[in-house]
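1. What shape does this take:
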Amino acid sequence: MAEKFIRAAACPICGSSRFHPHKKGTFDYARLRSEQVKITDSEYGKIWDLSRCEECGHLFADPSPAPEFILSLYGRVEDPAYDEEAEGRSRNFLGILKTLDRLAPAKGRLFDIGAATGILLHLAQERGWSPSGVEISAWCVRRASEKYGIHLTQGGFDEIRLEPAAYQAVTMVDFIEHTPEPQAAVRKAAEILAPGGILCLVTPDIHSFAARAAGKGWWHLRPGHLAYFSRTSLGRLLRDGGFEIIERRRYAWTFSAHYLLSRKKIFGLLTREGRPASFLKRIPIKLALGDSFEIYAKKTASS
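-> Okay, the predicted model is just below:
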């Protein structure tokens, strides 16, 4: 039987063998279940055993789940709560698409990695892009087809075949922290992008003020996250992967009040059943916490 977990031989970002244990894990990853890695999981504060690279400072799970285990785990994910927040998530994605409209060499083909239920791709299609993407969850793939008519390839980004230099834009929104092989993912993104094509990458910032202030309760400390990036390690990853960063900003989230209250039973705004009142679903709240990078990088001529 194949191993479910793999010990690191080198840093996943810079390849250095100079790394050491940094933090002890806070959950039993040997019993990890699909419910714990869905997008709307709220088991905040749960981390893998983390190692830290002495060369680039990258923090990463060590051991990390084997690719076959990841496919099995995420393939069974069902997440209706994600789709219920489509309106707020659409506001988040529209900002990305407006920037890609401006930066991409043409409004042509767009590929979304970790496309979930296809919300971003649906919006891209409405704005004149030709959308496609990949998603591991069978439930998400079905939902994208049923709700938006978007066809997604089911599987891992690393295992599917894609036409080289065929896309004007590639999006990785909250994807790169879920893979134990970020180098391979970024290099493959460069391979499928046309000359001058743009990669949009969104991922949590482990050194942000919000991360430091929240401490062990930071909402990005979750079982599904295998890596935590800094400005330095993210820059190294993109540069070595064949990209030049051309624009940086901080990602802002929009959720309903209902969703936020369901994460943490706070403020006492609960019904007798212990659930947030349904009218709160109609109240959007923008969270500009500044704790996630939103990076736009152009494929370099040499990649």
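
2. and stretch 222-239, how far from the chain's centre?
-> 11 Å (C-alpha atoms, centre = their mean, to the nearest Å).

3. Between the two ends of that stretch, what distance do you get?
-> Stretch 222-239 has its terminal residues 27 Å apart, counting by C-alpha to C-alpha, to the nearest Å.

4. Buried residues, that stretch. List them.
-> Buried positions in stretch 222-239, judged by neighbour count with 16 or more other C-beta atoms under 10 Å: 222-231, 233-238. In short, each C-beta sits where N, CA and C put it, glycine included.

5. Stretch 208-223 too?
-> Of all the residues in stretch 208-223, those buried under the rule 16+ other C-beta under 10 Å are Ser208, Ala210, Ala211, Ala214, Trp218, Trp219, His220, Leu221, Arg222, Pro223.

6. Show me the contact partners of that stretch.
-> Residues from elsewhere that reach stretch 208-223, judged by C-beta atoms under 8 Å, 6 or more residues apart in numbering: 26-27, 29, 32, 36-37, 41-48, 177, 204-206, 228, 263, 289-292.

7. Now the buried members of the residues you listed.
-> For those, buried by 16+ other C-beta under 10 Å: 29, 32, 36-37, 41, 44, 46-48, 177, 204-206, 228, 289, 291-292.

8. Do a quick rundown of the strands in the stretch 101-250 of the chain.
-> Along the stretch 101-250 of the chain, counting by DSSP state E, counting those that start in this stretch, strands occupy 109-113, 130-135, 153-154, 167-173, 193-204, 227-228, 243-250.

9. okay, those strands in a markdown table with mean pLDDT and distance to Ile6 next?
-> Below are those laid out as a markdown table (pLDDT from 0 to 100; distance: least, C-beta to C-beta, whole Å):
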| stretch | mean pLDDT | distance to Ile6 |
| --- | --- | --- |
| strand 109-113 | 98 | 22 |
| strand 130-135 | 98 | 22 |
| strand 153-154 | 98 | 24 |
| strand 167-173 | 98 | 22 |
| strand 193-204 | 97 | 21 |
| strand 227-228 | 97 | 14 |
| strand 243-250 | 96 | 27 |
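
10. Can you say which of these is nearest to Arg18?
-> Proximity of those to Arg18 was assessed by C-beta to C-beta; the nearest stretch is strand 227-228, lying at 17.3 Å.

11. for that closest one, packing partners?
-> When contacts are defined as 3 or more C-beta pairs under 8 Å, 6 or more residues apart in numbering; DSSP states H and E, strand 227-228 packs onto strand 59-61.
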